[in-house]
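[1] No letters, just coordinates:
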């Protein structure tokens, strides 16, 4: 039996699909989303207080903006979100790719975050994963240039976005069972374009599918092993050098935070859980012994 004495759970939270955790240093708070529940959650790390906001459609990923609001990838496009005293988030539509326009597309944005220069990135996916439609695209959004044309195409389930500490390497995964691949790209920090796509890690023979990711100060890439009940750490050379067992079978995304940036918050999926997976949908805090790189805010 695996012991999890190094892991702290967040009580009173059970997500259907917990995703996109982030640390808000000024508020000393963690944020994350529950996609099907159309809910954004906040945990005040100082007193344990939980707050939530509803959205009118599924929100898959969030990132902080310099003005204190959030930018989000949702069902019908990219939005600015204001989380105030009201229990419903105030939404402002910013942009949308063609595949999300109109009703009944069966698609939405998925994983997303900002590069080191403050440009927001997110990818689209066909929500019925059983259909295995490789029609997802990765996009870049900035206030100055708007929404880009597709930067990476033919994705099944886009995930794993992260940038090296110097911003010169971009990472991207496809977590669909038919892919299970992590790629690395050389990243032009000036024009925000990735080049030289190569396989960083083939996770088919490893534990779990590559889901959401985070970056530590050593330039190592941490990724959730969905269906593998673990976190995996890869060196910049693509070598798996550490695995941390988790109590939930479907960890979805991780992020570094806390006062010293040395805590990983890991969200998970509760939908379709196995009978023995009592931690499904929970969120846990892990101290892996290394600090993470703070997330860059969206440059308004």
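    Good, I have the coordinates. None of the values given here were measured: they were computed from a predicted structure.
[2] For the nearest residue to residue 251 once chain neighbours are set aside, give me its contacts.
    The shortest distance from residue 251 to any non-neighbouring residue, by Cβ to Cβ, 6 or more residues apart in numbering, is to residue 224 (3.9 Å). For the C-beta atoms, the positions are set from N, CA and C on the backbone; glycine is no exception. Residue 224 makes contacts with 208, 210-213, 231, 251-254, 266, as judged by Cβ atoms under 8 Å, 6 or more residues apart in numbering.
[3] Generate CSV for those, with neighbour count as supplementary columns.
    Formatted as CSV, the contacts of residue 224 follow (neighbours: other Cβ atoms under 10 Å):
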residue, neighbour count
208, 23
210, 33
211, 26
212, 29
213, 25
231, 24
251, 31
252, 27
253, 29
254, 24
266, 27
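[4] can you tell me which of those residues lies nearest to residue 291?
    Set against residue 291, the nearest of the contacts of residue 224 by Cβ to Cβ is residue 254 (13.7 Å).
[5] Pairing partners for that closest one in the sheet, please.
    Beta bridges link residue 254 to residue 266 when assigned by DSSP bridges.
[6] Would you check how far apart it and residue 158 are?
    From residue 254 over to residue 158 the distance is 17 Å, taken as Cβ to Cβ, to the nearest Å.
[7] Same check on residue 22?
    Residue 22 sits 18 Å away from residue 158, going by Cβ to Cβ.
[8] what do you get for residue 91?
    22 Å.
[9] neighbour count winner among those two?
    Each of residue 91 and residue 158 has its neighbours counted (other Cβ atoms under 10 Å); residue 158 has more, 27 against 17.
[10] Nearest residue to that one in space, please, no chain neighbours.
    Ranked by Cβ to Cβ, 6+ apart and with sequence neighbours excluded, the top spatial neighbour of residue 158 is residue 123, at 3.0 Å.
[11] Just list the residues touching the one you found, thanks.
    109-112, 136-139, 152, 155, 158-159, 161, 172.
[12] My reading is that residue 165 is in a strand; is that accurate?
    No - the assignment for residue 165, made by DSSP: H, G, I helix; E, B strand; the rest coil, is coil rather than a strand.
[13] Could you check how many residues crowd around the residue nearest to it when sequence neighbours are not counted?
    Leaving aside its sequence neighbours, residue 165 sits nearest to residue 293 (Cβ to Cβ, 6+ apart; 5.1 Å). Using other Cβ under 10 Å, residue 293 has 20 other residues around it.
[14] next one: residue 258
    18.
[15] go on, the one 3 residues further on?
    The criterion is other Cβ under 10 Å. On that basis, residue 261 has 17 neighbouring residues.
[16] Quick check, it in contact with residue 294.
    Yes - counting by Cβ atoms under 8 Å, residue 294 is a contact partner of residue 261 at 6.4 Å.
[17] what is in contact with the two at once?
    Common neighbours of residue 261 and residue 294 (Cβ under 8 Å, 6+ apart) are residue 23.
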